[in-house]
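Asks: what follows is a predicted structure for the sequence shown.
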Amino acid sequence: MLLALVCGASLLLQVIAAGPFVNNQNKVQVVRYDLDTDNLPNSYKFHYDASDGSSRTEEGGIQNLGTNDAALDVHGAVRWYNSKGQLYEMIYKAGKRGYRTIIKKVS
């Protein structure tokens, strides 16, 4: 169940973070990827940087493990550039209280 929650949250965030494909743009490549699953199924973390300057960082873990209140808690950030070269960041948190985001223009 934890893996399904993690995969579901990850997929949702990838869809949210993905921009529209433009035919005249080069295909974006991942230039750095770090994944820490040493503590699965209790927690995980990852980070990637892409060739277009975008990036994503995420950490997740089970809170109150072994109790009836056990819940997956995830937080992270996604950064991307818009078509005008302005950098944006979305910080997100998902857990027992729901899904919350803050989106801001960085530069």
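Replies: That came through fine.
Asks: avg pLDDT for the host helix or strand of residue 78?
Replies: Element membership for residue 78 (DSSP states H and E) is strand 71-81. Strand 71-81 carries an average pLDDT of 96.
Asks: from the contact counts, what lies against it?
Replies: Under the contact definition 3 or more CB pairs under 8 Å, 6 or more residues apart in numbering; DSSP states H and E, strand 71-81 sits against helix 2-17, strand 55-63, strand 87-95. C-betas here are computed from N, CA, C, even on glycine.
Asks: next helix or strand past the longest one?
Replies: Spelled out, that is helix 2-17. strand 30-36.
Asks: show me what that following strand pairs with in its sheet, parallel or antiparallel.
Replies: strand 43-50 (antiparallel) (DSSP bridges).
Asks: what angle do the partner strand and strand 55-63 make?
Replies: Interaxial angle of strand 43-50 relative to strand 55-63 (axes from the mean of the first three to the mean of the last three CA atoms, to 10 degrees): 170 degrees.
Asks: ok, back up a step: mean pLDDT lowest where, among the helices and strands packed on strand 71-81?
Replies: helix 2-17 (a mean of 48).
Asks: residues of stretch 58-65 that come out buried?
Replies: Neighbour-count burial for stretch 58-65, counted by 16 or more other CB atoms under 10 Å, picks out 58, 60, 61, 62.
Asks: closest to residue 80 among those residues?
Replies: Checking the buried residues of stretch 58-65 against residue 80 with CB to CB, the nearest one is residue 58 at 14.8 Å.
Asks: would you mind giving the buried residues of stretch 58-65 as TSV with distance to residue 51 added?
Replies: Output for the buried residues of stretch 58-65, formatted as TSV (distance: CB to CB, whole Å):
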residue	distance to residue 51
58	20
60	26
61	30
62	34
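Asks: just grab the bridge partners of the residue nearest the centre of the chain for me.
Replies: Residue closest to the mean C-alpha point of the chain, counted by CA atoms, centre = their mean, is residue 58 at 4.8 Å. Judged by DSSP bridges, the bridge partners of residue 58 are residue 46, residue 76.
Asks: surely it is in contact with residue 90?
Replies: No - Residue 58 is beyond contact range of residue 90, at 11.5 Å (criterion: CB atoms under 8 Å).
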